[in-house]
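Colleague: Everything below, folded, please.
(one chain, ligands or ions: 1)
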Amino acid sequence: MTLHSAFPAAPLLSVSGLTKRYGARIGCADVGFDLYPGEVLGIVGESGSGKSTLLACLAGHQVPDEGRILYDGRDLRALPETERRRLSRTDWAFVHQNPRDGLRMGVSAGGNVGERLMAVGARHYGQIRGKAADWLGRVEIAADRIDDRPSAFSGGMQQRLQIARNLVTGPRLVFMDEPTGGLDVSVQARLLDLLRGLVRDLGLSVIIVTHDLAVVRLLADRLMVMKSGRVVEQGLTDQVLDDPQHAYTQLLVSSVLQV
Ligand SMILES: Nc1ncnc2c1ncn2[C@@H]1O[C@H](COP(=O)(O)OP(=O)(O)OP(=O)(O)O)[C@@H](O)[C@H]1O
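Modeller: Here you go, the predicted model:
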């Protein structure tokens, strides 16, 4: 670990007062946190607690009504749209729960990874294919599947392909929405293992939304617990899970609540 990442001077993402309403209904309200380089933040809470709304606001898929989001010191809401788009192609990545939302199902596995490189300016066919092959290997997809379409892949393979497509351009910040949702337990375990290795090796900053406390236990350095759109507790993952302070977190941890 470098001195810089061990003692990061400034947060990569700094959020304050973030609020999103749907008419009279609150999506999320007054959310604030800092995310430092190389840090993984887990967001948990029962269905309807505002996790997806918050993630969508952070990733620029929804426009918040109030609040400030600083990315690398820059106010995202003040950035021109073109610059924001450039960031989401280069510095950021978004892993959807359903790989179909993050893949192009009619394009080969290699093409899915390669086209992201082309979107950031790569032009040399041999290099693009070589890098795509390398990334398929990193997510444990056999080299002889490079020309197959994702529709011929299992759910776990599709999710690993979506991860390769997202990471090939070297993002610094990765948003993940229930990345292990809908997969068998053994497939989930393998995917989590892979994700943990990639996050560590690449020094990624990650914001991961999940209803699965086992996922955050494994992946997240810090945890934010949401209820009715608000953050009710946040802290180091082990601390929050082993010694929850808020009654709602205590319910989540004791599994009384089905999240
Ligand atoms: N497009 C929308 N229009 C109106 N209300 C919405 C919309 N999306 C979310 N909401 C409301 O905002 C609140 C937060 O929902 P959100 O989907 O963010 O929760 P969540 O924690 O992600 O739930 P889940 O785990 O079920 O996805 C809920 O009350 C929900 O009904």
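Colleague: Roughly how far does the closest residue to Gln62 other than its chain neighbours sit from Gly38?
Modeller: Counting by C-beta to C-beta, 6 or more residues apart in numbering, Gln62 lies nearest to Ala56, which is 4.0 Å off, once chain neighbours are set aside. Just so you know, the C-beta spots here come from the backbone N, C-alpha and C atoms, and that holds for glycine as well. Distance, Ala56 to Gly38, by C-beta to C-beta, to the nearest Å: 24 Å.
Colleague: can you check Val44 too?
Modeller: 21 Å.
Colleague: one step back: what's around the residue nearest to Gln62, how many residues?
Modeller: Using other C-beta atoms under 10 Å, Ala56 has 20 neighbouring residues.
Colleague: Looks like it contacts Val63 (just checking).
Modeller: No. Under the criterion of C-beta atoms under 8 Å, Ala56 makes no contact with Val63, lying 9.4 Å away.
Colleague: show me what contacts the nearest residue to Gln97 once chain neighbours are set aside?
Modeller: Counting by C-beta to C-beta, 6+ apart, Gln97 lies nearest to Glu178, which is 3.9 Å off, once chain neighbours are set aside. Contact analysis of Glu178 by C-beta atoms under 8 Å, 6 or more residues apart in numbering lists Gln97, Val209, Thr210, His211, Asp212.
Colleague: Quick check: most distant residue from the centroid of the protein.
Modeller: Gly126 (29.8 Å; C-alpha atoms, centre = their mean).
Colleague: where do the helices sit along the protein?
Modeller: Secondary structure of the chain (DSSP state H): helices located at 3-6, 51-58, 81-90, 99-102, 109-119, 125-138, 155-167, 185-202, 213-219, 237-242, 247-253.
Colleague: Can you tell me which of the ones you listed is nearest to Gly17?
Modeller: helix 51-58 (11.6 Å; C-beta to C-beta).
Colleague: which helices and strands does that closest one pack with?
Modeller: strand 13-22, strand 25-35, strand 40-44, strand 173-177, strand 205-209 (3 or more C-beta pairs under 8 Å, 6 or more residues apart in numbering; DSSP states H and E).
Colleague: Any buried residues in stretch 21-39, and which?
Modeller: Ile26, Gly27, Cys28, Ala29, Val31, Phe33, Asp34, Leu35, Tyr36, Pro37, Gly38, Glu39 (16 or more other C-beta atoms under 10 Å).
Colleague: Out of the residues you listed, flag the one nearest to the ligand.
Modeller: Gly27 (4.1 Å; C-beta to the nearest ligand atom).
Colleague: hmm, back to that, could you report the separation of the residue nearest to Gln97 from Gln159?
Modeller: 11 Å.
Colleague: residues from the stretch 51-200 of the chain in reach of the ligand?
Modeller: Neighbours of the ligand within the stretch 51-200 of the chain, by C-beta under 6 Å from any ligand atom: Lys51, Ser52, Thr53.
Colleague: can you tell me which of those lies nearest to Leu251?
Modeller: Closest to Leu251, out of all of these and judged by C-beta to C-beta, is Lys51, at 16.5 Å.
Colleague: Give me the nearest residue to the closest one, chain neighbours excluded.
Modeller: Val209 (4.4 Å).
Colleague: how close does the one you found get to the ligand?
Modeller: 7 Å (C-beta to the nearest ligand atom, to the nearest Å).
Colleague: which residues sit in contact with that residue?
Modeller: Val209 makes contact with Gly42, Ile43, Val44, Lys51, Ser52, Leu54, Leu55, Met176, Asp177, Glu178, according to C-beta under 8 Å, 6+ apart.
Colleague: Now that we have the helices and strands packed on helix 51-58, can you turn them into JSON lines and tack on distance to Gly229?
Modeller: Rendered in JSON lines, the data for those read as follows (distance: least, C-beta to C-beta, whole Å):
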{"stretch": "strand 13-22", "distance to Gly229": "8"}
{"stretch": "strand 25-35", "distance to Gly229": "4"}
{"stretch": "strand 40-44", "distance to Gly229": "12"}
{"stretch": "strand 173-177", "distance to Gly229": "17"}
{"stretch": "strand 205-209", "distance to Gly229": "14"}
